[in-house]
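Chemist: Take this sequence and fold it.
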Amino acid sequence: MPYTVHKLNDYSEETMLKAVVQFRLALKIEWFEIEQKIINPDLTSAARQDELKKFRDRWLSRKSGQFSQINELWLKNAPADRKKSVGHLINQLKQNDLPQIEQLIEKRGFFVRQSSDAIRSINRIFDDEKGRKLQQETLATQSRMNSLLQTLESLGSEELQKIAIEEFYVDLSEALEAAAKSKDLAVERLDITLPGIRRPIGAEHPVIKTMNEIVGVFRNLGYSVEEGPEIETDYYNFEALNFPPNHPARDTQDTLFIAGQESKALRDRLLLRTHTSPVQIRTMQKMKPPVRVVCPGKVHRNDALDATHSPIFHQVEGLAVDTNITFCDLKGTLDHAMKALFGSSVKTRFYPSFFPFTEPSADVQISCIFCDGKGARDGSPCRNCKASGWIELLGCGMVDPNVYGFVDYDPARVSGFAFGMGVERIAILKYGVDDIQLFFQGDVRFLGQFG
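Modeler: Here you go, the predicted structure:
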């Protein structure tokens with residue numbers, strides 16, 4: 001039965017070697033047979049031409065030729081990790097065999113067109129010892145090829161590889177190496193068309209979110225943002241802000257001082273800033289009025305941990321200095337800010353207080369956002385405002401004239417106000433948090449609620 005390309009059950013190294021060797025053996029055997037027919041004087045010229053055409057169609061036809069079938073049955077059905085190596089083998093077959101077969105068919109066209117008498121005359125020319133020897137070698141080769149084809153199923157990989165090299169002068173090791181490499185690459189393969197592993201999208205921390213909201217309110221009023229160092233000198237943190245030398249805030253029980261500075265003058269000792277007010281002093285030193293700044297940042301105090309206190313927290317302080325600024329400007333600014341943060345129905349009230357760097361000073365309260373300033377909720381006293389209807393939120397005041405002396409401002413020509421608020425305090429009210437420590441514990445279950 002004539003050879004036909006068949007589907008491969010597997011694409012192992014041995015199976016591929018066997019398929020390639022079988023293909024080449026069948027091609028060579030059939031070519032020997034067609035050559036015998038071409039020089040047979042008993043066949044007419046038309047019969048010889050017909051035999052050659054059958055051979056050409058059987059092997060080289062675009063649709064049903066054996067060379068076309070290896071693409072259809074081997075390459076297209078190959079698993080993804082073997083396609084590269086199978087394609088390499090098929091390319092070797094085509095590059096080595098196709099040009100030779102096409103050339104031989106073209107050359108043998110001369111013989112098939114000759115008459116029987118002409119063929120006999122040509123055969124007589126080669127009917128000598130040399131010609132007969134060549135004929136015998138050809139027949140011996142054909143016989144060996146047939147024998148190999150019959151015993152092909154029993155041969156192993158090494159024997160198949162040897163036949164491929166010795167009979168067809170083709171080394172398949174390159175293709176096999178490519179196949180092994182392709183297999184390794186398939187295992188290590190990264191499909192870049194797949195969606196990547198996405199990192200979960202985080203949420204803005206509620207403290208930072210609240211701080212940005214506060215800063216945004218004052219930015220809309222024309223304030224700029226200034227920042228400063230967290231490690232400050234006693235001069236900027238206390239002295240320039242009109243704190244007297246014996247003020248309790250300068251005691252180590254309230255302030256975290258850097259160790260090993262006993263030999264320094266008091267004003268040069270380093271500490272962790274207790275408020276962002278030093279940024280206001282640094283700003284006034286480098287800027288002349290008018291000044292309108294807010295100073296957000298982290299501050300530190302020697303406080304014990306509890307539900308309402310933390311040694312680390314955040315503040316936003318503000319400063320406005322210009323000519324003819326009054327307490328009315330301060331009240332109007334903060335009333336607007338509180339309404340922007342908590343809603344237009346919120347009311348504000350100011351009552352006297354004391355801060356060393358402002359005079360007069362005041363604490364600011366807003367009407368309770370939980371009970372609408374009524375002091376009671378659901379028939380019970382409101383716990384958030386302690387039934388008063390008001391919640392204390394921040395401190396403020398007109399800048400003390402003594403402070404202007406540290407920054408070379410003329411208190412007779414300028415005036416201003418300052419205010420400061422704790423960011424965590426406002427975040428607790430906005431988000432209904434009952435423990436300040438939740439902001440600093442890094443619990444994703446808590447923080448994820450603010451996404």
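Chemist: C-alpha from now on. contacts and neighbour counts both.
Modeler: Fine.
Chemist: any idea how far Glu33 is from Pro245?
Modeler: Distance of Glu33 to Pro245, given as Cα to Cα, to the nearest Å: 118 Å.
Chemist: do Tyr236 as well
Modeler: 13 Å.
Chemist: got it, and Asp81?
Modeler: On the measure of Cα to Cα, Asp81 and Pro245 end up 81 Å apart.
Chemist: Please apply the same query to Lys53.
Modeler: For Lys53 relative to Pro245 (Cα to Cα), the value is 116 Å.
Chemist: just the strands in the protein please.
Modeler: Assigned by DSSP state E, the strands in the chain fall at 224-225, 231-233, 270-272, 291-300, 312-322, 348-355, 358-367, 376-377, 380-381, 390-399, 415-422.
Chemist: Now do the third one: which elements does it pack against?
Modeler: I take that to be strand 270-272. strand 231-233 (3 or more Cα pairs under 8 Å, 6 or more residues apart in numbering; DSSP states H and E).
Chemist: who does the strand it packs on pair up with?
Modeler: Partners of strand 231-233 in the sheet, by DSSP bridges, are strand 270-272 (antiparallel).
Chemist: Can you give me every residue that contacts the nearest residue to Arg301 once chain neighbours are set aside?
Modeler: The shortest distance from Arg301 to any non-neighbouring residue, by Cα to Cα, 6 or more residues apart in numbering, is to Pro311 (4.9 Å). Contact partners of Pro311, counting by Cα atoms under 8 Å, 6 or more residues apart in numbering, are 300-305.
Chemist: same check, this time on His314
Modeler: His314 neighbours (Cα under 8 Å, 6+ apart): 296-299, 422-424.
Chemist: let's go with 7 Å and repeat that
Modeler: 297-299, 422-424 (Cα atoms under 7 Å, 6 or more residues apart in numbering).
Chemist: remind me, longest helix of this protein?
Modeler: Determined from DSSP state H, the single longest helix within the chain is helix 83-112.
Chemist: one step back: would JSON lines of the contacts of Pro311 with neighbour count and distance to Phe67 be doable?
Modeler: Shown next, in JSON lines, are those (neighbours: other Cα atoms under 10 Å; distance: Cα to Cα, whole Å):
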{"residue": "His300", "neighbour count": "20", "distance to Phe67": "83"}
{"residue": "Arg301", "neighbour count": "21", "distance to Phe67": "86"}
{"residue": "Asn302", "neighbour count": "18", "distance to Phe67": "88"}
{"residue": "Asp303", "neighbour count": "14", "distance to Phe67": "87"}
{"residue": "Ala304", "neighbour count": "10", "distance to Phe67": "87"}
{"residue": "Leu305", "neighbour count": "12", "distance to Phe67": "84"}
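Chemist: Tell me the one of the residues you listed nearest Ile436?
Modeler: Checking these against Ile436 by Cα to Cα gives Leu305 as the nearest, at 9.1 Å.
Chemist: What residues sit buried inside stretch 424-443?
Modeler: Buried residues in stretch 424-443, counted by 16 or more other Cα atoms under 10 Å: 424-429, 436-437, 439.
Chemist: scratch that, stretch 7-19 is what I was asking about
Modeler: Here stretch 7-19 shows 11, 15-19 as buried, counting by 16+ other Cα under 10 Å.
Chemist: Tabulate the residues you listed (TSV), appending pLDDT and distance to Phe354.
Modeler: TSV is the format used below for the buried residues of stretch 7-19 (pLDDT from 0 to 100; distance: Cα to Cα, whole Å):
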residue	pLDDT	distance to Phe354
Tyr11	79	89
Thr15	76	95
Met16	77	94
Leu17	74	96
Lys18	74	99
Ala19	77	99
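Chemist: Dump those to JSON lines, plus distance to Ile70.
Modeler: Output for the buried residues of stretch 7-19, formatted as JSON lines (distance: Cα to Cα, whole Å):
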{"residue": "Tyr11", "distance to Ile70": "13"}
{"residue": "Thr15", "distance to Ile70": "14"}
{"residue": "Met16", "distance to Ile70": "12"}
{"residue": "Leu17", "distance to Ile70": "14"}
{"residue": "Lys18", "distance to Ile70": "14"}
{"residue": "Ala19", "distance to Ile70": "10"}
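Chemist: Next one: Cys295 from Lys84, what distance?
Modeler: In terms of Cα to Cα, Cys295 sits 65 Å off from Lys84.
Chemist: neighbour count winner among these two?
Modeler: More crowded of Cys295 and Lys84, by other Cα atoms under 10 Å: Cys295, with 24 against 18.
Chemist: for the record, mean pLDDT for the longest helix of the chain?
Modeler: For helix 83-112, the mean per-residue pLDDT is 73.
Chemist: other SSEs contacting that helix?
Modeler: Other elements packing on helix 83-112 under the criterion 3 or more Cα pairs under 7 Å, 6 or more residues apart in numbering; DSSP states H and E are helix 45-60, helix 173-188.
Chemist: Give me the buried positions along it.
Modeler: 83-90, 92-93, 97, 101, 105, 108, 111-112.
Chemist: Repeat that for stretch 344-354.
Modeler: For stretch 344-354, using 16+ other Cα under 10 Å, the buried residues are 346-348, 350.
Chemist: Same question for stretch 192-209.
Modeler: For stretch 192-209, by 16+ other Cα under 10 Å, it's 205-207.
Chemist: Could you point out which residue ranges in the protein have low pLDDT?
Modeler: Residue ranges of the chain with pLDDT under 70: 1, 38-41, 107-190, 252-253.
Chemist: what's near enough to touch the residue nearest to Phe23 when sequence neighbours are not counted?
Modeler: The shortest distance from Phe23 to any non-neighbouring residue, by Cα to Cα, 6+ apart, is to Val5 (7.5 Å). Contacts for Val5 (Cα under 7 Å, 6+ apart) come out as 66, 69-70.
Chemist: Then Asn237?
Modeler: 273, 278.
Chemist: which non-adjacent residue is nearest Trp248?
Modeler: Quick fix: residue 248 is Pro, not Trp. Asp254 (7.6 Å).
Chemist: Tell me how many other residues crowd the one you found.
Modeler: Every residue meeting other Cα under 10 Å relative to Asp254 is counted, giving 15.
Chemist: Kindly provide the distance from it to Arg301.
Modeler: From Asp254 to Arg301 the distance is 6 Å (Cα to Cα).
Chemist: just Phe357 next, same as before
Modeler: In terms of Cα to Cα, Phe357 sits 19 Å off from Arg301.
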